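Student: let me see the structure of the following:
(one chain, ligands or ions: 3)
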Amino acid sequence: MAAAAHEPEVIRDKAVMRAWSRCRRAEGKAVALVPTMGFLHDGHLSLVSAAVAAAAGPVAVVVSIYVNPSQFAPTEDLATYPSDFAGDLRKLAATGAVAAVFCPPDLYVRGRAGHPAAGASGGAVSCLEDAGGHAHETWIRVEQLEKGLCGSSRPVFFRGVATVVSKLFNIVEPDIAVFGKKDYQQWRVICRMVRDLDFAIEIVGTEIVREADGLAMSSRNVHLSCEEREKALSISRSLMNARTAVLNGNNHGQQLKDEIVQTLKEAGGQVDYVEFQSLTFSLD
Ligand SMILES: Nc1ncnc2c1ncn2[C@@H]1O[C@H](COP(=O)(O)OP(=O)(O)OP(=O)(O)O)[C@@H](O)[C@H]1O
Ligand SMILES: CC(C)(CO)[C@@H](O)C(=O)[O-]
Ligand code: BAL
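Tutor: Ligands and ions are numbered 1, 2, ... in the order given. So this is what the prediction gives:
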């Protein structure tokens, strides 16, 4: 994105954030929100570009940076999630397109240590509840779409995402919100939640931004060893091969496509179609 550097305003307080958004709207600007967990890369910056492009006229782009404890189970990597706030601010300033960065120290009412945690249905608890009960206890569940795929291995993930995104929507009050299709199930969960709960927000989904060798950019890639990175690459490579073969009308490609569709059906059940680099695999 070629633009003059522009220092975004850093906002930490919920009430200040809400008031700021209302001022921008009173000035005639749309407010566009890009929710992130920080340690930003070019994938995140593509969401900022998409936010600008989605607005028909003047827009104030807000990037939120918050590592949400309620989407992590206590066995997951909340404590080691990468961060570089100064670097993030530099990258956002360099886009020249971000008006504010919302980075609240915490978004939840906390419980008392030692009090039993409330827990999600099925007995799973998140890092938030692990910190004590009698605290935050209101959750948003997208009951069918959250099942399967990532939901199978991360039992509290989509409940935490849907809840924190709703909180961000209530605080920032955006007209537009942008999410990456790299986290495809998450994107679908947010779209369903917005439809079902009548949020007056346009949800924009953006395509995956990849490294030169095809690996999807991801903040956690920084933790991959060379061997793990090579293994991770096999996913995009095999999908690329399947795509080329399908586009060439090759039978082997058709078989690979059928296998992908079958795997997703078995894993998720609720996924209707898969978009992959302009190919749409229907799960009908
Ligand atoms: N490579 C990418 N292309 C497009 N969007 C992306 C990409 N990486 C992240 N996003 C989107 O950016 C938003 C914030 O994601 P997040 O801060 O969790 O980063 P991440 O790279 O997905 O991190 P993680 O390693 O935890 O998966 C999400 O909507 C996500 O889908
Ligand atoms: C949407 C999100 C910011 C909610 O914490 C997170 O899940 C992410 O970065 O993808
Ligand atoms: N973008 C995914 C956020 C997470 O894995 O918690």
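Student: helices of the stretch 1-150 of the chain, residue ranges please.
Tutor: 14-26, 42-54, 85-95, 127-130, 150-153 (DSSP state H, counting those that start in this stretch).
Student: for L168, which of these is the nearest?
Tutor: helix 14-26 (9.2 Å; C-beta to C-beta). (C-beta placed from N, C-alpha, C; glycine too.)
Student: buried stuff in the closest one?
Tutor: Residues of helix 14-26 classed as buried: 14, 17, 20-21, 24 (neighbour count, 16 or more other C-beta atoms under 10 Å).
Student: among those, which two are most distant?
Tutor: K14 and R24 (16.1 Å).
Student: coming back round to it: hey, least reliable of the helices of the stretch 1-150 of the chain by pLDDT?
Tutor: Between these, the one with the least mean pLDDT is helix 127-130; it has a mean of 82.
Student: only C-alpha atoms, please: export it in PDB.
Tutor: Output in PDB follows, covering the C-alpha atoms of helix 127-130 (Å, rounded to 0.1, in the frame of the first residue of the first chain):
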ATOM      1  CA  CYS A 127      -8.100 -19.300  30.000                       C
ATOM      2  CA  LEU A 128     -10.500 -16.600  31.100                       C
ATOM      3  CA  GLU A 129     -12.600 -18.900  33.300                       C
ATOM      4  CA  ASP A 130      -9.500 -20.700  34.500                       C
END
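Student: quick check: residues of this protein near ligand 2?
Tutor: Contact residues (C-beta under 6 Å from any ligand atom) of the chain with ligand 2: 35-37, 68, 71, 161, 164-165, 183, 186.
Student: drop anything exposed from those residues.
Tutor: By neighbour count, with 16+ other C-beta under 10 Å, these hold 35-37, 68, 71, 161, 164-165, 183, 186 as buried.
Student: low-scoring stretches of this protein, by residue?
Tutor: 1-4, 112-123, 131-134, 251-254, 256-257, 260-284 (pLDDT under 70).
Student: one more time with 90, if that's ok
Tutor: 1-6, 56, 110-125, 127-137, 147-153, 184-185, 213-214, 227-284 (pLDDT under 90).
Student: which positions in it make contact with ligand 1?
Tutor: Residues of the chain that fall close to ligand 1, judged by C-beta under 6 Å from any ligand atom: 36-37, 43-44, 46-47, 179-180, 182-183, 206, 208-209, 216-220.
Student: just the ones of those in strands?
Tutor: Members of the residues of the chain next to ligand 1 lying in strands (criterion: DSSP state E): 36, 179-180, 206.
Student: related to what we said a few turns ago, possible to save the helices of the stretch 1-150 of the chain as TSV with distance to ligand 3?
Tutor: TSV is the format used below for the helices of the stretch 1-150 of the chain (distance: least, C-beta to the nearest ligand atom, whole Å):
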stretch	distance to ligand 3
helix 14-26	21
helix 42-54	10
helix 85-95	15
helix 127-130	11
helix 150-153	8
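Student: most packed of these?
Tutor: Of all those, helix 127-130 carries the top mean neighbour count, a mean of 22, counting by mean count of other C-beta atoms under 10 Å.
Student: for the most centrally placed residue in the chain, give its distance to R159.
Tutor: For the chain, the residue nearest the mean C-alpha position is F179 (5.5 Å; C-alpha atoms, centre = their mean). Taking C-beta to C-beta, to the nearest Å as the measure, F179 falls 17 Å from R159.
Student: just Q255 next, same as before
Tutor: Relative to R159, and taking C-beta to C-beta, Q255 is found at 37 Å.
Student: what's the answer for R12, then?
Tutor: For R12 relative to R159 (C-beta to C-beta), the value is 25 Å.
Student: show me which of those two is the more surrounded one.
Tutor: Between R12 and R159, counted using other C-beta atoms under 10 Å, R159 has the larger neighbour count: 24 against 12.
Student: how's the protein carved up into domains?
Tutor: 9-206, 224-282 (automatic domain parsing).
Student: winner for burial among the ones you listed?
Tutor: domain 9-206 (a mean of 18).
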